[in-house]
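Visitor: Okay, structure incoming, though there's no sequence with it:
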């Protein structure tokens, strides 16, 4: 696991200024790979890396060149099927000199070219330089587990694992700063993260998941090599053994030459991973809890239960209110880019704790997006009602009357007469983090102008138009897997863990599990269990009576943080202080008096959308205040 970078000159060869620039980038990626660093110049390309040694500690150094000397790689990630690929390559006459997966990645590219990525099962960001063609080949994994960014000016391209390493290097070496991307800020305030390829800085873009980019003689080409599959009525996927897929995914992620552990919340997903991992070896668990009697914010009871069953040593980190806000105030944002997710604070502390004992952590990220969590069973209930409503005119009248008597929402229900249920997600622009509309943001501005920004809804609209032929819940799962999962869940997971020199591995995002689940009927994801419609149906059913049933049936909490609530005195004080500063970034766009009134109103209502919008404003201010370039 590493931080990787490249400097590619458009015309001239590398000079001393370029050398200083890449050295600065590498210095600013040190936390991602404190064990070793490497640099190599080939043609007009300069490759660099910082290494966190996980596999083949002695011989896996980078940049790594092929035996013929024509190909050189820097690579960040893990291939969980590298031993199978190595065997296949050896059968094709290719010899190896190390036991590292880096050499497997390099030889896979040499042998299969662009098709190599379709064989990779893992997380990766790759830069390979082909000396004979003066070609730089760049690829990112299917779901975006490993980040990669690209900067361009009239002389060069810079590629790096983190945005901040680029901005700091250009400031340190060239004395240049970066303008904020205001459109990114506008979109961030709706989504809590920056969606799409934009970043917080102009001229720096994300290399999107499942991308292959080729840079050769100033010519840049891009292609997408993977998309999530659709439900197929074939026996191939019906015959797949989900339990075996999960066991294999966990076991492959236990391969390591250094100690590893597990992030254990006490919820369904992490409990399953611990259960499977503990069959193979003793594994240490790491759990964080807030000092609260409310079980919605303290899951320690459940974590203790499953850790005892699996004979796992449980390390518990308790966080007080004072400690949380002290950390938040001086937070140096290991997320690199602004993400309005307060769980970043406890996750950062958890990784720091784990770093004392292990270098690798298994985690349950991705299960909700793959198996239909996040309360999507409630969406399915509404879809089922819409289907019933449109069976026949007689049934429609009867159902409307029943619905009206039960919920008093006749007008709400009647709009679904003669309605195509597959349009439900796009009509509602369903998104689990859509917290404020463009019109509401416009009402808070100093000067109301509808053409100052592109509307933030454009991203959801465009994405939903591409999946309208899917079942509604499958549409939603594809959207959140492309956006929320990548830009919030996995971005936080990678950046915070690597800030603490920890590698995170996510078994539920194994490509075989992902392909299987997106190819199965919705009934395998949402169905009745004990006469109750629930999400993650096949996952829960599979582990009934294997892990404690109280964990099987408990509701999803995620990484709960009690301080989101604006009814907490400390949260109120913090919000007023941060958002009332006349020199703040938000004051360039928003009317502070209107923001103050919005806070006042939100304190009495305490609804999720309002408080998340205010926290997004506050987090961005802290990000600007505490970032170092």
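Guide: Received the coordinates, thanks. Keep in mind that what you see is a predicted model, and the values were worked out from it rather than measured. Numbering: from 1, shown residues only.
Visitor: I'd guessed residue 39 sits against residue 48; true?
Guide: Yes. Contact criterion CB atoms under 8 Å: residue 39 and residue 48 qualify, at 4.8 Å. Placement of C-beta: from N, CA and C, glycine included.
Visitor: where do the contact lists of these two overlap?
Guide: Common contact partners of residue 39 and residue 48 (CB atoms under 8 Å, 6 or more residues apart in numbering): 22, 23, 26, 63.
Visitor: what's the most distant pair in these?
Guide: Spanning the widest gap among the shared contacts of residue 39 and residue 48 are 23 and 63, at 14.1 Å by CB to CB.
Visitor: In strands only, show me the shared contacts of residue 39 and residue 48.
Guide: Judged by DSSP state E, strands contain none of these.
Visitor: any chance of these in JSON lines, with pLDDT too?
Guide: Supplementary listing: those in JSON lines, determined by pLDDT from 0 to 100:
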{"residue": "22", "pLDDT": "91"}
{"residue": "23", "pLDDT": "91"}
{"residue": "26", "pLDDT": "92"}
{"residue": "63", "pLDDT": "93"}
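Visitor: May I see those organised as JSON lines, with distance to residue 348 and neighbour count added?
Guide: Converted to JSON lines, these look like this (distance: CB to CB, whole Å; neighbours: other CB atoms under 10 Å):
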{"residue": "22", "distance to residue 348": "28", "neighbour count": "22"}
{"residue": "23", "distance to residue 348": "27", "neighbour count": "18"}
{"residue": "26", "distance to residue 348": "23", "neighbour count": "23"}
{"residue": "63", "distance to residue 348": "30", "neighbour count": "23"}
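Visitor: Which residues are in contact with the residue nearest to residue 480 when sequence neighbours are not counted?
Guide: Residue nearest to residue 480 in three dimensions, not counting chain neighbours: residue 369, with 5.6 Å by CB to CB, 6 or more residues apart in numbering. By CB under 8 Å, 6+ apart, residue 369 lies in contact with 477, 480, 481, 484, 485, 489.
Visitor: Assess the claim that the second one and residue 374 are in contact.
Guide: Yes. At 7.4 Å, residue 480 and residue 374 qualify as touching, with contact defined as CB under 8 Å.
Visitor: Turn the buried ones among the contacts of residue 369 into a named PyMOL selection, would you?
Guide: Of those, the buried ones can be selected in PyMOL as follows, counting by 16 or more other CB atoms under 10 Å:
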select buried, resi 477+480+481+484+485+489
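Visitor: now the spatially most central residue of the chain, what's its secondary structure?
Guide: By CA atoms, centre = their mean, the chain has its centre lying nearest to residue 490, at 2.0 Å. The three-state assignment at residue 490 reads helix, by DSSP: H, G, I helix; E, B strand; the rest coil.
Visitor: Give me the helices and strands touching the helix or strand residue 246 falls within, please.
Guide: Assigned by DSSP states H and E, residue 246 belongs to helix 242-252. With contacts taken as 3 or more CB pairs under 8 Å, 6 or more residues apart in numbering; DSSP states H and E, helix 242-252 sits against helix 268-277, helix 511-518, helix 537-542.
Visitor: What are the buried residues along stretch 458-476?
Guide: Neighbour-count burial for stretch 458-476 flags 459, 460, 463, 464, 467, 470, 471, 472, 473, 474, 475, 476 (criterion: 16+ other CB under 10 Å).
Visitor: oh sorry, the question was meant for stretch 329-344
Guide: Neighbour counts using 16+ other CB under 10 Å place 331, 333-344 of stretch 329-344 among the buried residues.
Visitor: Among those, name the ones in helices.
Guide: Among the buried residues of stretch 329-344, the members found in helices (DSSP state H) are residue 344.
Visitor: Including pLDDT and distance to residue 353, could the buried residues of stretch 329-344 go into a markdown table?
Guide: Compiled in a markdown table, these are given as follows (pLDDT from 0 to 100; distance: CB to CB, whole Å):
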| residue | pLDDT | distance to residue 353 |
| --- | --- | --- |
| 331 | 74 | 17 |
| 333 | 75 | 19 |
| 334 | 82 | 14 |
| 335 | 86 | 18 |
| 336 | 90 | 21 |
| 337 | 92 | 24 |
| 338 | 93 | 25 |
| 339 | 93 | 21 |
| 340 | 92 | 24 |
| 341 | 91 | 19 |
| 342 | 91 | 18 |
| 343 | 91 | 15 |
| 344 | 92 | 15 |
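Visitor: Out of the buried residues of stretch 329-344, which comes closest to residue 283?
Guide: residue 343 (22.6 Å).
Visitor: Surely the closest one is in contact with residue 561?
Guide: Yes. With contact defined as CB under 8 Å, residue 343 reaches residue 561; the gap is 5.5 Å.
Visitor: Just give me how far the longest helix anywhere in the chain sits from the chain centre.
Guide: Secondary structure of the chain read by DSSP H shows that its longest helix is helix 608-626. How far helix 608-626 lies from its chain's middle: 19 Å, per CA atoms, centre = their mean, to the nearest Å.
Visitor: Check which helices and strands it sits against.
Guide: When contacts are defined as 3+ CB pairs under 8 Å, 6+ apart, helix 608-626 sits against helix 182-191, helix 569-579, helix 592-605.
Visitor: which residues touch the residue nearest to residue 13 when sequence neighbours are not counted?
Guide: Spatial nearest neighbour of residue 13, chain neighbours left out: residue 44 (5.4 Å); criterion: CB to CB, 6+ apart. By CB under 8 Å, 6+ apart, residue 44 lies in contact with 8, 9, 10, 11, 12, 13, 14, 134.
Visitor: quick one: pLDDT of residue 44?
Guide: Listed pLDDT for residue 44 reads 92.
Visitor: quick one: it and residue 71, what's the gap?
Guide: The gap separating residue 44 from residue 71 is 16 Å, by CB to CB, to the nearest Å.
Visitor: And residue 357, by the same measure?
Guide: In this view, residue 357 and residue 71 are 37 Å apart by CB to CB.
Visitor: more crowded one of these two?
Guide: Remark: of residue 357 and residue 71, residue 71 carries more neighbours, 21 against 13, as counted by other CB atoms under 10 Å.
Visitor: Quick one: residues contacting that one.
Guide: Here residue 71 is in contact with 65, 106, 109, 110, 128, 129, 130, 131 (CB under 8 Å, 6+ apart).
Visitor: Most neighbours among these, please name it.
Guide: Taking other CB under 10 Å as the neighbour criterion, residue 129 ranks highest of those with 28 neighbours.
Visitor: For that one, list each beta-bridge partner.
Guide: On the basis of DSSP bridges, residue 129 is bridged to residue 72, residue 136.
Visitor: Make 413 the first number, not 1, from now on.
Guide: Let's use 413 as the start, then, which means that last one is residue 541.
Visitor: so it makes contact with residue 453?
Guide: No. Taking contacts as CB under 8 Å, residue 541 lies outside contact range of residue 453: 9.8 Å.
Visitor: Show me the common contact partners of the two, please.
Guide: With CB under 8 Å, 6+ apart, residue 541 and residue 453 have common neighbours residue 459.
Visitor: element containing residue 728, please.
Guide: If you go by DSSP H and E, residue 728 is part of strand 726-731.
Visitor: any idea of the mean pLDDT for that strand?
Guide: Rounded mean pLDDT across strand 726-731 is 93.
Visitor: again, but for stretch 578-590
Guide: On average, the pLDDT along stretch 578-590 is 90.
Visitor: who's in contact with that stretch?
Guide: Counting by CB under 8 Å, 6+ apart, 429, 432-434, 436-437, 440, 561, 563, 570, 572, 613-616, 1040-1041 sit against stretch 578-590.
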